[in-house]
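Trainee: below: sequence and its predicted model.
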Amino acid sequence: MLQELAAETSGNVWAIGSMAFFLLVWLGIAVWVYRTRPEEFDRRARLALEGDEDGQGASPERPAER
């Protein structure tokens, strides 16, 4: 039954296309991570803590100002 459905709806094409799309996205992210400098990752890791240096960071009692 599944083989008939796949033959009628060109399921093989969709399966191969979705796998190719997944691999292209995965490889794109891997290349981006490989080419990004470590300093950029350090900067992004500190984004949530930037306001805490002078005591102005968000807290449960006082939400962050926009």
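Mentor: Sure, I can see it. Numbering: from 1, shown residues only.

Trainee: element containing the residue nearest the centre of the chain?
Mentor: With distances taken as C-alpha atoms, centre = their mean, the residue of the chain nearest its centroid is residue 29 (7.9 Å). Assigned by DSSP states H and E, residue 29 belongs to helix 11-35.

Trainee: quick one: that helix to chain centroid distance?
Mentor: 13 Å (C-alpha atoms, centre = their mean, to the nearest Å).

Trainee: immediately after it, which helix or strand?
Mentor: Immediately after helix 11-35, counting by DSSP H and E, sits helix 38-45.

Trainee: output that following helix as CSV, nothing but the C-alphas.
Mentor: Extracted C-alpha coordinates of helix 38-45, given in CSV (Å, rounded to 0.1, in the frame of the first residue of the first chain):
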residue,chain,number,x,y,z
PRO,A,38,35.8,32.6,18.8
GLU,A,39,35.5,36.3,19.9
GLU,A,40,32.1,36.5,18.2
PHE,A,41,30.9,33.5,20.1
ASP,A,42,32.2,35.0,23.4
ARG,A,43,30.4,38.3,22.6
ARG,A,44,27.1,36.5,21.9
ALA,A,45,27.5,34.5,25.1
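
Trainee: angle of it against helix 11-35?
Mentor: 100 degrees (axes from the mean of the first three to the mean of the last three C-alpha atoms, to 10 degrees).

Trainee: so for helix 38-45, mean pLDDT?
Mentor: Here helix 38-45 scores 89 as its mean pLDDT.

Trainee: repeat for stretch 2-11
Mentor: Regarding stretch 2-11, the rounded mean pLDDT is 75.

Trainee: and the contacts of it?
Mentor: By C-beta atoms under 8 Å, 6 or more residues apart in numbering, the surrounding residues in contact with stretch 2-11 are residue 12. The C-beta positions use only the backbone N, C-alpha and C, and glycine is treated the same way.

Trainee: next, the buried residues of it.
Mentor: Within stretch 2-11, no residue is scored as buried using 16 or more other C-beta atoms under 10 Å.
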